[in-house]
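# Here is my input, please return the structure:
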Amino acid sequence: MGFITDIESLAWESVRPDIARDVLGKPLLRSEGIKMVLTKILPGGGFEAHRDAYGHLLYFLEGSGIVGVGSEEFSIKPGLVVQVMAGEEHFYRNNSGKELTLISANITVEP
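Reported below is the predicted structural model:
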């Protein structure tokens, strides 16, 4: 059965403080094999380079910064989509003076 959520009613929560700084999230979906989070990164914040046992799909909505996957780095802009495979090193950070917003999907199932 589906559901409807008013995102404004959800509280921002700290995301992965072990490897991230000034990254906050609101859960959008948690289902078998996938977790989706509306994520905002405050100016100067972001994720350190790390590896996860699951893949990601990152869809950047607003703001700017830098994202790295493996040995490549890209400038973040609205509309950029980044796929990270399970076990692949990655990071992203906000190097601007404004908030960076994205939807992050953590994917633990095989296609």
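# centre of the chain versus the biggest strand by length in the chain, how much separation?
Secondary structure of the chain per DSSP state E: the longest strand is strand 34-50. Relative to its parent chain, strand 34-50 has a centroid offset of 4 Å by Cα atoms, centre = their mean, to the nearest Å.
# ok, that strand: who's next to it in the sheet?
According to DSSP bridges, strand 34-50 has the following sheet partners: strand 20-31 (antiparallel), strand 90-93 (antiparallel), strand 100-107 (antiparallel).
# For the lowest-mean-pLDDT helix or strand in the chain, buried residues please.
Least confident helix or strand, the chain: strand 20-31 with a mean of 95, by mean pLDDT, DSSP states H and E. Within strand 20-31, the residues scored as buried using 16 or more other Cβ atoms under 10 Å are 20, 22, 23, 24, 25, 26, 28. (C-beta placed from N, C-alpha, C; glycine too.)
# how deep is residue 95 tucked in, by neighbour count?
Other residues lying near residue 95 total 15 when counted by other Cβ atoms under 10 Å.
# so it, which of the three states?
coil (DSSP: H, G, I helix; E, B strand; the rest coil).
# Appreciated, that's everything.
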